[in-house]
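J.: Quick check, what structure comes out for this input:
(chains A, B, C and D)
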There are 2 protein chains.
Amino acid sequence: MVRLCSHPYTAAMSGHPLPLLEGPRPERSDAARNREALLAAARRMVEDNGVESVTMDALAREAGVGKGTVFRRFTSRAGLMAALLNHGEAQFQALVMSGPPPLGPGVEPWERLVAFGRTRLEYNLQAARLIEAAGQPGRRSVAAKSFTTLHVIHLLRELDVRGDVQFLAKALLAPLESVIVEEAVQLEGFAVDRFVAGWQDLARRVIEG
Amino acid sequence: MVRLCSHPYTAAMSGHPLPLLEGPRPERSDAARNREALLAAARRMVEDNGVESVTMDALAREAGVGKGTVFRRFTSRAGLMAALLNHGEAQFQALVMSGPPPLGPGVEPWERLVAFGRTRLEYNLQAARLIEAAGQPGRRSVAAKSFTTLHVIHLLRELDVRGDVQFLAKALLAPLESVIVEEAVQLEGFAVDRFVAGWQDLARRVIEG
DNA sequence: GACCTAAACGGACCATGGTCCGCTTATGTT
DNA sequence: AACATAAGCGGACCATGGTCCGTTTAGGTC
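T.: Next up is the predicted model:
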């Protein structure tokens, strides 16, 4: 039986005529098993003892694999953390795209934007440690970032905002970043509610401007 | 001869009546010398081979001191980088407070704000590697951060902006952070000029809103 | 100048992220 | 079933940030 997604040169050698989609070659079954074991172990460790406790050696031991395997699967510690983050990010994305209003569709764009702001802020705050560990800047999976950006752009357009909407979306998202929020909340005692209210006001100004 | 800034208990034991300002005890002369040697070496290394090349071991070797000394002086690599950053930050601060307009005083607040935005953005971009190495979040000397925040707050007040000015200042500063700008510029090909223009528009909306 | 003490020093030592490479194994072919 | 081979595996090894502690020294006192 011909595997649907055999790799290019296998296909070529067997004379397969179709230019198959170039996905990354599928993982071997043992590899996939290890990936899952590692993710499960990592999640458990994060839950039990916090992000800090997830050492690459400890993780390997916990999952019963060699250290090399951890790195082959996730490239780096940051990569591993990004993988962990993905679950939450996907969930978030799903809520926005097809969850209940006001975050999900079915209500005025302005309400959705407000809901988005609060939710995103809370999410970023809650996942802060993971986000930080997932790596410096926007190394944070481009996909995740661009989803939020696109969503905000979309809402701004629906609200008839004129100007460089792409930039304005970024500008609205920037103060929601965990680094920024954490600094304000943890170090300066900004109450979360005040932050949310402030952001809402900011959004209003941007839209009405 | 009595040193002006002797430490508390020395003063107490000698019956000194004045409650001297509690500064951190002054550094011993050798310590001060080493600090300077280290900073000089570090600056040289950054200039020559980039921030990455500044390894704590290499730095110690270069400055002709032990590794322990480096850490006693600067606590951590991030601390060292923050120290390096301070120079630039102080310069920036000086330019804003008493430099030539439009960044410095002597011109309408709006113009100053615009100048501030562009300058800060360029500064953050230029110092990005150092900023990143100087540590995660706002570990970046609280002083530096709060100066920019206070300045923006000040300008917003002069512009009669109503609302949570403290938050709005943060919101205006957030998109100028090196992490944000780098992501847009490096990864997404946003032109710096577009970014500057976008920020100006953002500021206008905030002020007029 | 002898002496005292807190501070500073230096480099061995440790922990952790990341690389390397020789051995093992899944998987597809004959 | 035997084989071929690329992918996967594991753990020794390296680099670098950070700690520790026995030794040295600045600088004040007598």
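J.: Outline the domain layout of chain A.
T.: The record's domain parsing of chain A by automatic domain parsing lists A:24-74, A:85-208.
J.: The longest one close to DNA strand C?
T.: Read it as domain A:85-208. No - remark: domain A:85-208 sits outside contact range of DNA strand C, by C-beta under 7 Å from any atom of the strand, the gap being at least 8.7 Å. From N, CA and C alone the C-beta is placed, and that goes for glycine too.
J.: And for A:Asp160, the neighbour number?
T.: By other C-beta atoms under 10 Å in any protein chain shown, 8 other residues sit near A:Asp160.
J.: cool, A:Leu130 as well?
T.: Look at A:Leu130: counted by other C-beta under 10 Å, it has 19 neighbours.
J.: Go ahead and confirm it touches A:Ala83.
T.: No - the pair A:Leu130 / A:Ala83 is not scored as a contact, 10.3 Å apart, by C-beta atoms under 8 Å.
J.: Show me which parts of the helix or strand where A:Asp193 lies are buried, residue by residue.
T.: Using DSSP states H and E, A:Asp193 maps to helix A:192-208. Buried residues in helix A:192-208, defined by neighbour count with 16 or more other C-beta atoms under 10 Å in any protein chain shown: A:Phe195, A:Val196, A:Gly198, A:Trp199, A:Asp201, A:Leu202, A:Ala203, A:Arg204, A:Arg205, A:Val206, A:Ile207.
J.: Within reach of chain B, which of these are there?
T.: Restricting the buried residues of helix A:192-208 to those near chain B by C-beta under 8 Å from any C-beta of the partner chain leaves A:Phe195, A:Gly198, A:Trp199, A:Asp201, A:Leu202, A:Arg204, A:Arg205, A:Val206.
J.: do you know how far the third one is from DNA strand D?
T.: When C-beta to the nearest atom of the strand, to the nearest Å is applied, the distance between A:Trp199 and DNA strand D equals 33 Å.
J.: isn't that residue right next to A:Ala115, touching?
T.: No - between A:Trp199 and A:Ala115 there is no contact under C-beta under 8 Å: 11.6 Å.
J.: tell me which parts of chain A are close to DNA strand D?
T.: A:7, A:25, A:27-28, A:30-31, A:33-34, A:64-69, A:71-73.
J.: out of those, which are buried?
T.: Among those, those classed as buried by 16+ other C-beta under 10 Å are A:Asn34, A:Val65, A:Thr69, A:Arg73.
J.: What helix or strand is the third one located in?
T.: Meaning A:Thr69. Assigned by DSSP H and E, A:Thr69 falls in helix A:67-74.
J.: How about the helix or strand just after that helix and chain B, touching?
T.: Later in the chain than helix A:67-74, the nearest helix or strand by DSSP H and E is helix A:77-98. No - Helix A:77-98 lies apart from chain B when judged by C-beta under 8 Å from any C-beta; the minimum separation is 12.8 Å.
J.: Which strands and helices lie in contact with the helix or strand following helix A:77-98?
T.: The helix or strand immediately downstream of helix A:77-98 is helix A:109-126, counting by DSSP H and E. In this structure, helix A:109-126 packs against helix A:77-98, helix A:142-158, helix A:178-182, helix A:192-208, with contacts taken as 3 or more C-beta pairs under 8 Å, 6 or more residues apart in numbering or on different chains; DSSP states H and E.
J.: Please spell out which residues along helix A:109-126 are buried.
T.: With burial defined by 16+ other C-beta under 10 Å, the residues of helix A:109-126 counted as buried are A:109-110, A:112-121, A:123-125.
J.: in stretch A:142-156, what counts as buried?
T.: In stretch A:142-156, counting by 16+ other C-beta under 10 Å, buried: A:Ala144, A:Lys145, A:Phe147, A:Thr148, A:Thr149, A:His151, A:Val152, A:Ile153, A:Leu155, A:Leu156.
J.: Ok, stretch A:52-61 next?
T.: Under 16+ other C-beta under 10 Å, the buried positions of stretch A:52-61 are A:Val54, A:Leu59, A:Ala60.
J.: Just put the residues you listed in JSON lines and tack on pLDDT, distance to chain B and secondary structure.
T.: Below are those laid out as JSON lines (pLDDT from 0 to 100; distance: C-beta to the nearest C-beta, whole Å; DSSP: H, G, I helix; E, B strand; the rest coil):
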{"residue": "A:Val54", "pLDDT": "98", "distance to chain B": "17", "secondary structure": "coil"}
{"residue": "A:Leu59", "pLDDT": "97", "distance to chain B": "22", "secondary structure": "helix"}
{"residue": "A:Ala60", "pLDDT": "96", "distance to chain B": "26", "secondary structure": "helix"}
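J.: Could you single out the nearest of those residues to A:Leu38?
T.: Closest approach to A:Leu38 among the buried residues of stretch A:52-61 (C-beta to C-beta): A:Leu59, at 6.5 Å.
J.: Now do the contacts for that closest one.
T.: A:Leu38, A:Ala41, A:Ala42, A:Met45, A:Val70, A:Leu80 (C-beta atoms under 8 Å, 6 or more residues apart in numbering or on different chains).
J.: Could you do A:Asn124 as well?
T.: Counting by C-beta under 8 Å, 6+ apart, A:Asn124 touches A:Ile131, A:Leu176, A:Glu177, A:Ser178, A:Val181.
J.: Which SSE is immediately downstream of the helix or strand of chain A with the lowest mean pLDDT?
T.: Ranked by mean pLDDT, DSSP states H and E, the weakest helix or strand in chain A is helix A:8-13, scoring a mean of 34. Once the chain leaves helix A:8-13, the next helix or strand it forms, by DSSP H and E, is helix A:29-49.
J.: what packs against that following helix?
T.: Against helix A:29-49 (3+ C-beta pairs under 8 Å, 6+ apart) you get helix A:56-63, helix A:67-74, helix A:77-98.
J.: try it again with 10 Å
T.: Packed against helix A:29-49 by the contact rule (3 or more C-beta pairs under 10 Å, 6 or more residues apart in numbering or on different chains; DSSP states H and E) you find helix A:56-63, helix A:67-74, helix A:77-98, helix A:128-133.
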